[in-house]
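[1] next come a sequence and a model predicted from it.
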Amino acid sequence: MKKHLGDRRLRNRLTGEPEAASIFQGLDEKNFHDFEAVWKPELVKRAKEFATWAKQAEGNVQDAHWDWVGKAKNEAVYESFAIECDSMTQGLMLVATAPHFARLKSQHGLDLCYIELIATAPWNRPKFSKAPKYKGAGRALLATAISWSVELELKGRIGLCSLPESESWYDEQGMQRCGFDGDKKMEYFEMTEEDAGKYLNS
Amino acid sequence: MKLLFSDEWLQRKIASDPDIETEAGPSLIGPPIEEIDSGKAAVMPTRNVVQMRIALGTFVHQLRQRDALTLPELATKADVSENELRQVETNPSYTASPRLIYKLSRYFRMPLNNLYQLSGRTFTVERRLYNEAVKYAAHSDDVTPLSGDQLQVLNGFVAVLNQLAEEASSMEHGDHD
């Protein structure tokens, strides 16, 4: 069931002004509709503009294939979150409900929240759009994931695999690189309890 | 559940955050269907995938030799796994990850699409690229230090990869005119 977690503001890059946004736990038909009817056509249309599919990576449309709806509806496996602004879903996140084990030496074997997918709407992406609209959805969702981890008594510990284009973002967020994930074929990042405390209190 | 960050905190962070991508999750591995339809590309049988990967392994190895880098040095500089890099250079049954190909294309400034095809990740390949890759691998199966002739072959293959990428780019530009 969709629950309103709180209101925050995203920055409209076009006007420079903050705009009211709401963060939710659990997705509803509106979020599914926003993704299927608005996000996905944009991603697929843009993906087709690239002469070769490999160039899609450079335009950050790699998630055109993500089955958000199918995964988000699988509530036994994923906890879903959304941020809405201007009556539209501006960011989505899926967190695995089953805790994963941390790999960093300092917290090896402890439970953490594993973020399966995190994405902002196509028009908010600097590489996708020449005039990206809202800024802050990615950060707000990451901070929400830390809040969820604390709620589960996992003390803010989170982990995720980043798309190659986003690795520097997760470095910026103070997450620690744990090396290459052989199964997912991506760089794996973790945030420790200490990192999470610094993140939210900086 | 309580959100442990305030709006004031979010506004402050938004003001100083860099404008870069924030996406995380599985990456796209997809085939260029349109290129098969047009006849420009062909579906690759397994034996051809192996040939392409031999070419890729040799190519990476020789680029590394050209730049006088050890395997760990290249892994560090390109920000890739040393073990995966070794697999790419020596094991033609290994499928390189999209991340490794992306990082190598950035580091060596090689066309991303052509390296993807060489890795065998695409189930199709451009016919010309395949022919050139097989020719290149046949002339470069020796992994001893680069001779003058081998360097010439390497440079020739680099030129072909760049030329194919330029042609694809001009076709893309033409499509949009």
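    It's in. Numbering: from 1, shown residues only, chains lettered A, B, ... in the order given.
[2] can you tell me the element B:Leu56 falls in?
    helix B:46-66 (DSSP states H and E).
[3] and that helix, which residues are buried?
    The neighbour-count check on helix B:46-66 (16 or more other CB atoms under 10 Å in any protein chain shown) flags B:48-49, B:51-65 as buried. Where you see a C-beta, it was placed from the backbone N, CA and C, and this is true even at glycine.
[4] in a strand, A:Met93, correct?
    Yes: per DSSP: H, G, I helix; E, B strand; the rest coil, A:Met93 lies within a strand segment.
[5] I'd guessed it sits against A:Ala140; true?
    No: between A:Met93 and A:Ala140 there is no contact under CB atoms under 8 Å: 9.6 Å.
[6] between these two, which one's more packed in?
    Neighbour totals were compared for A:Met93 and A:Ala140, and A:Met93 leads with 31 against 27 (other CB atoms under 10 Å in any protein chain shown).
[7] where along chain B do the helices fall?
    B:7-16, B:33-37, B:46-66, B:71-78, B:82-90, B:98-108, B:112-119, B:127-138, B:148-176 (DSSP state H).
[8] which of these has the lowest average pLDDT?
    Here those differ in mean pLDDT, and the lowest is helix B:33-37 at a mean of 45.
[9] now, of the helices of chain B, which is deepest in the fold?
    Among those, helix B:112-119 has the highest mean neighbour count (mean count of other CB atoms under 10 Å in any protein chain shown), at a mean of 25.
[10] dump the helices of chain B to CSV, plus distance to chain A.
    Converted to CSV, the helices of chain B look like this (distance: least, CB to the nearest CB, whole Å):
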stretch, distance to chain A
helix B:7-16, 4
helix B:33-37, 8
helix B:46-66, 14
helix B:71-78, 10
helix B:82-90, 6
helix B:98-108, 5
helix B:112-119, 4
helix B:127-138, 11
helix B:148-176, 4
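[11] among the ones you listed, which is nearest A:Arg11?
    helix B:7-16 (4.8 Å; CB to CB).
[12] ok, now which ones touch A:Lys30?
    A:Thr89 (CB atoms under 8 Å, 6 or more residues apart in numbering or on different chains).
[13] how far away is it from A:Phe24?
    In this view, A:Lys30 and A:Phe24 are 10 Å apart by CB to CB, to the nearest Å.
[14] ditto for A:Gly179
    34 Å.
[15] what do you get for A:Gly70?
    A:Gly70 is 19 Å from A:Phe24, by CB to CB.
[16] more neighbours, those two?
    Per other CB under 10 Å, whichever of A:Gly70 and A:Phe24 has more neighbours is A:Phe24, with 20 against 9.
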